[in-house]
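fold the following, please.
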Amino acid sequence: MYSRKTLGLQAAPAEAGSATTPARTQLFRAALFVFVISPIADVALWFIDRVVTHQDNYYPTAVFMRRWLQFFASPSLAGNDSWMPMRGALAWFEQHPGGRIFEQLFFVEHVKFQYPPSSLLPLHALHSFGIDPTDALLNGIGWFVMLINVIASGAFAFVLASRSANHAGLRWHWGIFGGLAALSFFPILMAFRLGQAQVWINALFALAALSYVLRRNALTGVLIGLICLCKPQLALFILWGVLRRQWRFCVGMLVTIAVGGVLSLAVFGLQNHIDYLHVLRELSRTGEAYMPNQSVNGFLNRLLHTVAEPRVWQAHGFPAFHPIVYAGTLLSSAALIGSALLLPLRADSKPGLLDFLIAGLTFTVASPIAWEHHYGIMPAMYLAVMFAILSFGPSKGKSLALAALAASYFVTDHWLGSSWMLCGVLAVLGLMYWTGPFRDKADKQPASALR
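Next up is the predicted model:
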């Protein structure tokens, strides 16, 4: 079991090789599911989709893994989903100094450049040094960033296992498991395949989770602040930190955002930042109906048929405004965010890892647009929930929770279309509440490092 002692950095006392038979069995079952059963299902789903039904709608994880491994031999294997609109925005601004990027590109030309101006700073820096930010260069950087994600996920699993009296003897095995599980996780691979800035965000969040479990709160704030420069909805972490009096976290985050914000204002001007607020308002009005939008907004858009064919990407258009979609998005977002900010405070425990992870996942899924690759932040959540459940004594509830966790992983690790991934995301979010703040309050037991 976990105890309050695990809030420190010390590993639970265990001799190397002293892992119990149940602990080895648990590791074996986890590895069997992730590295054997899940890949077999991946191939079976691909076979059914391509050979049996001839639909060509399934994205095989195994193929994306191969493309990542072969990238440097064939850089065209990765796309430019982020890089093309970002380069276009930067090129337009350089041709029109002081011009209004979003007014022209988003509102006139209907280019879906939806990142804040600060997201262009890395490309601007490369260009300032005479380096052309080509797809090959940016995806090559993304390849190494993804490798950092894998290492961070492995280290995260290593730390959690080290703090478990039952699993400390297998901490190196769990570390390898965590890294390989992240490497084979569909949303992470999909982000790289598309050529997405989300590759950076996924890695930064993995590092933030590792930093948080090591109690480096200021560094955690810096990492989340860096994410906010590209994904502003995670700025809600400021409110999360204030409510929990995590002052080091808040300072690190605010300083990072302030430095990035000042640089962005100096380069792109105030008007472009004001215009970006108008972009956010427009996005919140309609969202996206395209199938990979695995948010409540996406589900409602598809349910109410705001577009004729949700499987077809609209490169220059959005769904028609629908008042029910808009109201449902607002209400669900308010409920999810309010729960993440306030419910853990009602538990009789200090803010812990699961509280942090609940916030990260909530601020993602509560957005009107949450593409499938945005859930590349989830390996840390699956690992944390798994270790929390394994720390419980034998019970029917534990068995059901493990079954729910496996089902959630299955529908997020495989592209099943519809809103299956959203179901898996909400399931693991519920499990984090159940293993964290809700269980603390029900059991009145000492809070673990995870909670």
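
need the contact list for Trp172.
Residues in contact with Trp172 (Cβ atoms under 8 Å, 6 or more residues apart in numbering) are Phe158. For every residue, glycine as well, the C-beta is placed using N, CA and C.

which pLDDT value belongs to it?
Confidence at Trp172, expressed as pLDDT, is 97.

and the one 10 residues further on, by the same measure?
For Ala182, the model assigns a pLDDT of 98.

these two touch, right, it and Ala206?
Yes - using Cβ atoms under 8 Å, Ala182 makes contact with Ala206 at a distance of 7.1 Å.

shared neighbours, these two?
Counting by Cβ under 8 Å, 6+ apart, the contacts common to Ala182 and Ala206 are Asn149, Ser153, Pro379.

state the distance from the first one to Leu138.
Right, the one you point to is Asn149. Distance, Asn149 to Leu138, by Cβ to Cβ, to the nearest Å: 16 Å.

settle it for me: which of these two has more neighbours?
Applying other Cβ atoms under 10 Å to Asn149 and Leu138 shows that Asn149 carries more neighbours, namely 29 against 24.

what's the least confident helix or strand in the chain, going by average pLDDT?
helix 437-443 (a mean of 59; mean pLDDT, DSSP states H and E).

how about the helices in the stretch 1-150 of the chain?
Ranges of helices in the stretch 1-150 of the chain, per DSSP state H, counting those that start in this stretch, are 21-32, 38-47, 61-69, 83-95, 101-105, 121-128, 135-162.

try the stretch 251-400 of the chain
296-303, 323-342, 353-365, 379-390, 396-413.

CSV please, covering those helices and showing mean pLDDT, distance to Ser74 and mean neighbour count.
CSV is the format used below for the helices of the stretch 251-400 of the chain (pLDDT from 0 to 100; distance: least, Cβ to Cβ, whole Å; neighbours: other Cβ atoms under 10 Å):
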stretch, mean pLDDT, distance to Ser74, mean neighbour count
helix 296-303, 98, 32, 24
helix 323-342, 97, 40, 16
helix 353-365, 97, 31, 25
helix 379-390, 97, 26, 26
helix 396-413, 96, 25, 17
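
tell me which of the helices of the stretch 1-150 of the chain sits nearest to Leu353.
Among the helices of the stretch 1-150 of the chain, the nearest to Leu353 by Cβ to Cβ is helix 135-162 (8.5 Å).

what helices or strands is that closest one leaning on?
helix 83-95, helix 171-183, helix 186-194, helix 198-213, helix 379-390 (3 or more Cβ pairs under 8 Å, 6 or more residues apart in numbering; DSSP states H and E).

same thing but at 6 Å, please
helix 171-183, helix 198-213, helix 379-390 (3 or more Cβ pairs under 6 Å, 6 or more residues apart in numbering; DSSP states H and E).

and Met1, what pLDDT?
On the pLDDT scale, Met1 is placed at 39.

how near is Leu303 to Pro319?
12 Å.

could you do Ser408 as well?
Between Ser408 and Pro319 the computed distance is 27 Å (Cβ to Cβ).

which residues touch Asn301?
The neighbourhood of Asn301, defined by Cβ atoms under 6 Å, 6 or more residues apart in numbering, consists of Gly287, Ala289, Pro319, Val325.

skip the chain neighbours and tell me the closest residue to the third one.
Taking Cβ to Cβ, 6 or more residues apart in numbering, and ignoring the residues beside it in sequence, Pro319 has Thr306 as its nearest neighbour in space, at 3.7 Å.

to what extent is Val259 buried, counted in neighbours?
With other Cβ under 10 Å as criterion, Val259 counts 13.

I meant Arg311, not that one.
13.

from what I see, Arg302 and Pro310 are in contact.
Yes - under the criterion of Cβ atoms under 6 Å, Arg302 makes contact with Pro310 at 4.9 Å.

find residues that contact each of these two.
With Cβ under 6 Å, 6+ apart as the test, Arg302 and Pro310 both reach Ala289.

what separation is there between His322 and Asn297?
10 Å.

Leu353 now?
Distance, Leu353 to Asn297, by Cβ to Cβ: 28 Å.

again, but for Pro368
For Pro368, the distance to Asn297 equals 4 Å [Cβ to Cβ].

what sits in contact with each of those two?
Common neighbours of Pro368 and Asn297 (criterion: Cβ under 6 Å, 6+ apart): Gly287, Thr329.

quick check, pLDDT for Gly417.
So Gly417 comes in at 86 (pLDDT).

residue nearest the centroid of the chain?
Ile377 (2.4 Å; Cα atoms, centre = their mean).

how about that one, nearest residue that isn't a chain neighbour?
Spatial nearest neighbour of Ile377, excluding adjacent residues (Cβ to Cβ, 6+ apart): Phe205 at 4.2 Å.

ditto for His173
That would be Leu27: by Cβ to Cβ, 6+ apart, it lies 5.8 Å from His173.

do the same with Leu357
Excluding its sequence neighbours, the residue lying closest to Leu357 (Cβ to Cβ, 6+ apart) is Met381, at 4.9 Å.

I'd say that neighbour and Phe356 touch.
No - here Met381 lies out of contact with Phe356, judged by Cβ under 6 Å, at a distance of 10.1 Å.

how much space separates the closest residue to Ala289 other than its chain neighbours from Tyr375?
Once flanking residues are discounted, Ala289 sits nearest to Asn301: 3.6 Å by Cβ to Cβ, 6+ apart. Separation of Asn301 from Tyr375 (Cβ to Cβ): 18 Å.

and for the residue nearest to Trp46 when sequence neighbours are not counted, the neighbour number?
Leaving aside its chain neighbours, Trp46 sits nearest to Pro60 (4.3 Å; criterion: Cβ to Cβ, 6+ apart). Pro60 has 20 neighbouring residues, counting by other Cβ under 10 Å.

give me the pLDDT for Pro60.
pLDDT for Pro60: 85.

C-alpha coordinates for stretch 274-287, PDB please?
Provided in PDB are the C-alpha atoms of stretch 274-287 (Å, rounded to 0.1, in the frame of the first residue of the first chain):
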ATOM      1  CA  ILE A 274      -6.800  40.700 -29.200                       C
ATOM      2  CA  ASP A 275      -7.900  39.200 -32.500                       C
ATOM      3  CA  TYR A 276      -7.000  35.800 -31.200                       C
ATOM      4  CA  LEU A 277      -9.700  36.200 -28.500                       C
ATOM      5  CA  HIS A 278     -12.200  36.600 -31.300                       C
ATOM      6  CA  VAL A 279     -10.900  33.400 -32.800                       C
ATOM      7  CA  LEU A 280     -11.500  31.600 -29.500                       C
ATOM      8  CA  ARG A 281     -15.000  33.000 -29.300                       C
ATOM      9  CA  GLU A 282     -15.800  31.800 -32.800                       C
ATOM     10  CA  LEU A 283     -14.400  28.300 -32.100                       C
ATOM     11  CA  SER A 284     -16.500  28.100 -28.900                       C
ATOM     12  CA  ARG A 285     -19.700  28.900 -30.800                       C
ATOM     13  CA  THR A 286     -19.500  26.000 -33.200                       C
ATOM     14  CA  GLY A 287     -16.600  23.700 -32.400                       C
END
